[in-house]
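**Student:** Quick check, what structure comes out for this input:
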Amino acid sequence: MIGWVFLYGVSLTVLGLVFYIGTGQGSPTALIPAVLGVLVLLLGVLCGISRYRKHGMHAVTGLAVLGFLGGAPGGMKILQLLAGGEVARPYAALEQALLVLLSLAFFVRSVMSFVMARRAAGAEGTIRIE
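**Tutor:** Here you go, the predicted model:
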């Protein structure tokens, strides 16, 4: 699971940097996914320490929820674009939609990992998140 944390963190960082640079560096808010990605990467290092793994994973999953909820309002505008409508800032809507999709995918993967760990704990008597 730690590999997924780093993949999620790098994806968010690249997403933020690509949209910030690609849109002419006009809006620092385009870097929000990158900031979130750096936080995820830092927590990923914490997840690499076995005694902090559970806490780190829960914190990263919490950040994924924040990424989903924070990007959802703007990300929903992508549906308006797909329906042929107009949006004031289409690149922002696309970036937020990608943030929502990445965060949702990571959240689902995390919950699956937590469930598997809980089931394994019932069989072994200990919880191990992988």
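
**Student:** tell me the SS of the residue nearest to the spatial centre of the chain?
**Tutor:** By CA atoms, centre = their mean, the chain has its centre lying nearest to S103, at 3.5 Å. Secondary structure of S103, reduced to three states by DSSP: H, G, I helix; E, B strand; the rest coil: helix.

**Student:** again, but for G62
**Tutor:** Under three-state DSSP, G62 falls in the helix class.

**Student:** tell me what the lowest-mean-pLDDT helix or strand in the chain is packed against?
**Tutor:** The helix or strand of the chain with the poorest confidence is helix 77-82; it has a mean of 80 (mean pLDDT, DSSP states H and E). Contacts defined by 3 or more CB pairs under 8 Å, 6 or more residues apart in numbering; DSSP states H and E place helix 77-82 against helix 90-124. Yep, even glycine has a C-beta here, placed from its N, CA and C like the rest.

**Student:** Can you name every helix or strand that the helix it packs on contacts?
**Tutor:** Contacting helix 90-124 under the criterion 3+ CB pairs under 8 Å, 6+ apart are the following elements: helix 2-22, helix 32-47, helix 53-75, helix 77-82.

**Student:** For that helix, list every residue counted as buried.
**Tutor:** 92-100, 102-104, 106-107, 109-110, 113-114, 117 (16 or more other CB atoms under 10 Å).

**Student:** Specify the angle between it and helix 2-22 in degrees.
**Tutor:** For helix 90-124 against helix 2-22, the angle by axes from the mean of the first three to the mean of the last three CA atoms, to 10 degrees is 170 degrees.

**Student:** Understood, closing this out.
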